[in-house]
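# The following comprises the amino acid sequence and a computationally predicted model.
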Amino acid sequence: MAETVEYEVVTQAGAGRDAGSGEPVLMSARASEGGLDAAAAAARRLVDALVRLGDSTDYDTDALATRINAIAAEVEDALPDEAARLVEMWQQEGPNRHDLVTGPQNPIAPPLVVHGQPDGSVEASTTLPIAYQGQPRMAHGGISALLLDHTLGMANGWAGRGGMTARLTLNFKRPVPLGEPITIRAKQESVDGRKLYTQGVLSVDGEPCVTAEALFIAGHLPRPTAD
Ligand SMILES: CCCCCCCCCC(=O)SCCNC(=O)CCNC(=O)[C@H](O)C(C)(C)COP(=O)(O)OP(=O)(O)OC[C@H]1O[C@@H](n2cnc3c(N)ncnc32)[C@H](O)[C@@H]1OP(=O)(O)O
């Protein structure tokens, strides 16, 4: 097993869990209106349009591919050194802007918006587009698993001690519709040494769709360094 380390998860507000304020605290990164956040949002919009386009269109998709490839090549020409970028990704305190689930700079993040609650739980929300479709008009179960795993992980951080998922048990009670606001509530229920027990539920319109119980083991892989 690789070495693990523990570090505090801090919030957008720049502090750790702040249950004393009595107000929810934004834990995920706030999206900016311009820059890389806006480019990632544009990429999300493009992915959505491509999935909805289909083969029956008269639109010139060969020319489209050429144009998208030209943009990709332009961005690739501007890329920083990969090792340095990894260090930069992980050096900041607070929510990761590149995060797979919440990151405004990650085009495949829905993105999920997460608030730490005064009662020690977290509440997350998003609306899933058609790119995440599994069954007709419904979210793929793996996406629900991703959102729950991540939200439970953030609930651990909010409770003061985060870790890596060792076991995740899901109960799919009803399909999760696309295009409708979804809410995930999660809370760390107990701690036994390094074992963190965390539960959550993904709901739509107040109806539970997927419930989750997980065991996390305290500790994270070390952050990349410049050495
Ligand atoms: C603000 C940012 C928030 C970010 C949230 C992100 C959430 C996303 C979280 C993830 O998805 S993490 C990625 C998915 N998970 C992994 O890749 C974990 C892969 N597994 C491992 O790396 C290791 O197995 C693990 C770190 C989980 C545990 O290895 P360790 O060497 O640190 O612990 P060890 O094996 O010594 O086990 C410690 C205790 O936990 C128990 N344990 C470990 N894995 C278990 C398991 N799977 N089931 C039941 N018990 C388990 C183990 O029996 C033992 O119990 P005892 O202390 O009573 O002896």
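Here it is on my side, so go on. Given the structure is predicted, the values throughout are model-derived calculations rather than measurements.
# which residues of the protein score low on pLDDT?
Residue ranges of the chain with pLDDT under 70: 1-2, 7-20.
# can you rerun that using 90?
Applying pLDDT under 90 to the chain flags the ranges 1-22, 92-95, 226-227.
# Would you mind naming what in it lies close to the ligand?
1, 4, 9, 95, 149-150, 153-154, 157, 164-167, 193-195, 215, 217, 219 (CB under 6 Å from any ligand atom). Backbone N, C-alpha and C define where each C-beta goes, glycine included.
# try 5 Å
By CB under 5 Å from any ligand atom, the residues of the chain that approach the ligand are 1, 9, 149-150, 153-154, 157, 164-167, 217.
# Mind listing residues that contact stretch 95-108?
With contact meaning CB atoms under 8 Å, 6 or more residues apart in numbering, stretch 95-108 is reached by 11-12, 27-32, 36-37, 40-41, 43-44, 47, 89-90, 109-114, 146-147, 150, 154.
# Could you report the separation of the residue of the chain found nearest the ligand from residue 164?
Proximity of the chain to the ligand (CB to the nearest ligand atom) peaks at residue 153, 2.3 Å away. Per CB to CB, to the nearest Å, residue 153 is found 8 Å from residue 164.
# So for those two, which residues contact both of them?
residue 216.
# Name the residue in those two with the higher neighbour count.
A direct count of neighbours by other CB atoms under 10 Å for residue 153 and residue 164 places residue 153 higher, at 26 against 15.
# Look up which helix or strand that one falls in, please.
helix 141-159 (DSSP states H and E).
# list the helices and strands that helix packs on?
For helix 141-159, the elements it packs on are strand 113-116, strand 122-127, strand 163-172, strand 181-192, strand 195-204, strand 207-218, judged by 3 or more CB pairs under 8 Å, 6 or more residues apart in numbering; DSSP states H and E.
# Done for today, thanks.
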